[in-house]
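# test case, fold it:
(chains A and B)
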Amino acid sequence: MCIGYDTALAGRVDGDSKQIAQGLRGRDEELIDALVGSYQARLIRYLTFLLGRREMAEDVAQETWLRVLERGHTYDGRSRFEPWLFAIARNLAVDRLRQRRVLSFESDGEADGRAGVAPPVSDAPSPFTQAARTEDAQRLARLLDTLDPQYREALALRFLEELSLEEVSTVVGAPVSTVASRIYRGLSALRSQLNGGK
Amino acid sequence: MQAAHEFYQRIADSVLAGGASAHDEELLGEHLAHCAACSQHFEAGKRAVDALRGFSFPPDEEGQAKVRNLLRRHARQIAAQRLQRRRMAWIWAIALVLTVAGSFADWQLAGLLARFFHLRPAELRNGLLSGWILPSIGIALFMPFVLLAPSNRRGRSI
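Numbers count the residues shown, from 1 in each chain, chains lettered A, B, ... in the order given. The predicted model follows:
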């Protein structure tokens, strides 16, 4: 089996969701390699926007691919592959956040007899500051750190992953109107930041 | 006047989000041609979207290779597990056939033994049924739930 993926495979991945479904049902290793090549960077970008942490995004992305391998037969190829992939990633990310909350709750309780205090703020540099390549992106980086993850997620899925509103709604499991509202609010926050916080 | 701006700015957001109808887009286009405030709002929205695209998360080749290796290993594990479960299913099927055949033979033998030892066949058969045949068939039927139960354990550390 080849490690890199060639252009023919990339075409298979980009073009035909039926072919992807068929390959996933048969656990076609070459196809899965090609899927990793095509979608890993996008998956990490989406998860970073959702989780706000690069390392956690990488962990969850890895777990997502394992899930794709195990449950690939549930993808029927009738809709695009991306929303299905992002929905799996989202479920795993939400599970991971819940686990973290439980762990932090337990360790806080053990440490000082209190429970429910906020987890300590990480000293790690913001993934958004590190990823900002333009002047405007740098202006937004700090805001993105503090923006509600639901807004960040909706903005990333719509404008970076270029999913339709219906697809975003499928991924996040919320009505289209809710998704649209999150996008408007997110855009409004970004717009204010770019206008100097007016 | 403010209400009109709010109306068109909401349409502008909807256009940016990709949820506006062709009619709304047309309406907005006409309004933007002569409204500086709404044009500014729309342009600021487009700038925000462009700024979002200014974040780059370059693919990490090493990370991808790691994921691919992990997937290959995991695919092999899944294949081995499937093979093992298929073997278990065969073993169970054979065990069930042997149990049923053995129980039938015991049943027949009980009649002969009852005659030989001058016992009542019904009592001997009832004892055989409750003490041997039903428990062994019960265990044989229960076995697949133990042997073929899906394993939820999955390696997480990489």
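
# all contacts plus neighbour counts: C-alpha atoms, from now on.
OK.

# give me the buried positions along the helix or strand hosting A:Trp65.
Secondary structure from DSSP states H and E places A:Trp65 in helix A:54-71. Neighbour-count burial for helix A:54-71, counted by 16 or more other Cα atoms under 10 Å in any protein chain shown, picks out A:54, A:56-70.

# what of stretch B:16-29?
Result for stretch B:16-29 [16+ other Cα under 10 Å]: buried residues B:Leu16, B:Ala17, B:Gly18, B:Gly19, B:Ala20, B:Asp24, B:Leu28.

# does the spatially most distant residue from the centre of chain B count as helix, strand or coil?
Residue farthest from the centre of chain B, counting by Cα atoms, centre = their mean, is B:His118 at 60.3 Å. Here B:His118 is coil, with the state taken from DSSP: H, G, I helix; E, B strand; the rest coil.

# report pLDDT for residue 75.
With no chain named, the answer covers chain A. Confidence at A:Tyr75, expressed as pLDDT, is 94.

# meant chain B, my bad for not saying
Here the pLDDT value assigned to B:Ala75 is 88.

# what helix or strand is it located in?
Element membership of B:Ala75 [criterion: DSSP H and E] is helix B:61-116.

# could you say what helices and strands that helix packs with?
Judged by 3 or more Cα pairs under 8 Å, 6 or more residues apart in numbering or on different chains; DSSP states H and E, the packing partners of helix B:61-116 are helix A:29-51, helix A:54-71, helix B:121-128, helix B:134-147.

# please repeat the previous calculation with a cut-off of 7 Å.
Packing partners of helix B:61-116 (3 or more Cα pairs under 7 Å, 6 or more residues apart in numbering or on different chains; DSSP states H and E): helix B:121-128, helix B:134-147.

# buried set for the last one?
The neighbour-count criterion (16+ other Cα under 10 Å) identifies B:Ser136, B:Ile137, B:Ala140, B:Met143, B:Pro144 as the buried residues of helix B:134-147.

# on that earlier part again, where's the residue farthest from the centre of chain B relative to B:Gly111, distance?
10 Å (Cα to Cα, to the nearest Å).

# kindly report the same for A:Arg78.
For A:Arg78, the distance to B:Gly111 - Cα to Cα - is 63 Å.

# higher neighbour count, those two?
B:Gly111 (16 against 10; other Cα atoms under 10 Å in any protein chain shown).

# just the terminal-to-terminal distance for stretch A:163-176.
Terminal-residue distance, stretch A:163-176 (Cα to Cα): 12 Å.

# quick one: distance of it to the chain centre.
From the chain centre to the centre of stretch A:163-176 is a distance of 13 Å (Cα atoms, centre = their mean, to the nearest Å).

# what is the mean pLDDT for that stretch?
pLDDT averaged over stretch A:163-176 gives 96.

# got phi/psi on the residue farthest from the centre of chain B?
Geometry field for B:His118 lists phi and psi as phi 60, psi 50, criterion degrees, to the nearest 10.

# which residues of chain A lie near chain B?
Contact residues (Cα under 7 Å from any Cα of the partner chain) of chain A with chain B: A:33, A:36, A:41, A:45, A:62, A:66, A:131-134, A:136-137, A:159-160, A:165, A:180, A:183-184, A:187, A:190-191.

# B:Thr99 against B:Gly138, yeah?
No. Checked against Cα atoms under 7 Å, the pair B:Thr99 and B:Gly138 is beyond contact range at 10.0 Å.

# so, low pLDDT: which residues of chain A?
Applying pLDDT under 70 to chain A flags residues A:1-15, A:103-123, A:197-198.

# what does the domain assignment say about it?
A:8-116, A:126-198 (automatic domain parsing).

# from B:Arg85, how far off is B:Ile91?
With the distance defined as Cα to Cα, B:Ile91 ends up 10 Å from B:Arg85.

# between the two, which one's more packed in?
For B:Ile91 versus B:Arg85, the count of surrounding residues by other Cα under 10 Å is larger for B:Arg85: 17 against 12.
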